[in-house]
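1. Output the structure for:
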Amino acid sequence: MIDGGTADSGGMTLPAATRMIVSRLERYRALFTGRKSNRRLIMAKGSSGDGVYRVTEVIGTSTKSWEDAAQNAVTTASKTLRDLRIAEVSKLDMKCEGGKVVAYRARVQLSFKYDA
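-> Now for the predicted structure:
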């Protein structure tokens, strides 16, 4: 419950909680894309050759953490998709029940190359 601009969990203000979540999102993006900036990653092959790539979006879940959720998404997708190139965490959220977090969800955009 929010009362007077503060969240009822841990006395953290709503803006502080938002900054914490955004910071974690940027950290996970850097982890999976190798980029530290907040600029949008363009998932396409550079000038080092020709190819056709597709970007698809999957959502991984975990009861432990966002990192595990993202890893689950990549691991599961790699069983069916060949030649995965880039994974970008585009959104993090949580499933809540009864006021408690029951699952972490990571929306991941995956880039893979079409066979020639």
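
2. what are the ranges of the strands in the protein?
-> 2-3, 6-7, 53-62, 84-97, 100-113 (DSSP state E).

3. who wins for proximity to residue 76 among those?
-> Closest approach to residue 76 among the strands of the chain (CB to CB): strand 53-62, 7.0 Å. The way it works is simple: take the backbone N, C-alpha and C, and place the C-beta from them, glycine included.

4. Partner strands of that closest one and their direction?
-> strand 100-113 (antiparallel) (DSSP bridges).

5. pLDDT averaged over the partner strand, what's the number?
-> Average pLDDT, strand 100-113: 92.

6. For that strand, list every residue counted as buried.
-> For strand 100-113, a neighbour-count test (16 or more other CB atoms under 10 Å) marks 104-112 as buried.

7. From what I see, residue 60 and residue 103 are in contact.
-> No: using CB atoms under 8 Å, residue 60 is not in contact with residue 103; the gap is 10.2 Å.

8. intersection of neighbour lists for those two?
-> residue 69 (CB atoms under 8 Å, 6 or more residues apart in numbering).

9. how much space between the closest residue in space to residue 93 that isn't next to it in sequence and residue 53?
-> In space, residue 93 comes closest to residue 105 once its chain neighbours are excluded; the distance is 5.1 Å by CB to CB, 6 or more residues apart in numbering. Distance, residue 105 to residue 53, using CB to CB, to the nearest Å: 25 Å.

10. if we can go back for a sec, can you tell me which of the buried residues of strand 100-113 is closest to residue 70?
-> Relative to residue 70, the closest of the buried residues of strand 100-113 is residue 106; by CB to CB it sits at 3.9 Å.

11. partners of that closest one in the sheet?
-> residue 60, residue 92.

12. Use 20 as the first number from now on
-> With the count now opening at 20, the last piece we talked about shows up as residue 125.

13. My guess is it contacts residue 79. True?
-> Yes: if you go by CB under 8 Å, residue 125 and residue 79 touch, sitting 5.1 Å apart.

14. Pull up the overlap in contacts between these two.
-> Taking CB under 8 Å, 6+ apart as the criterion, residue 125 and residue 79 both touch 88-89, 92.
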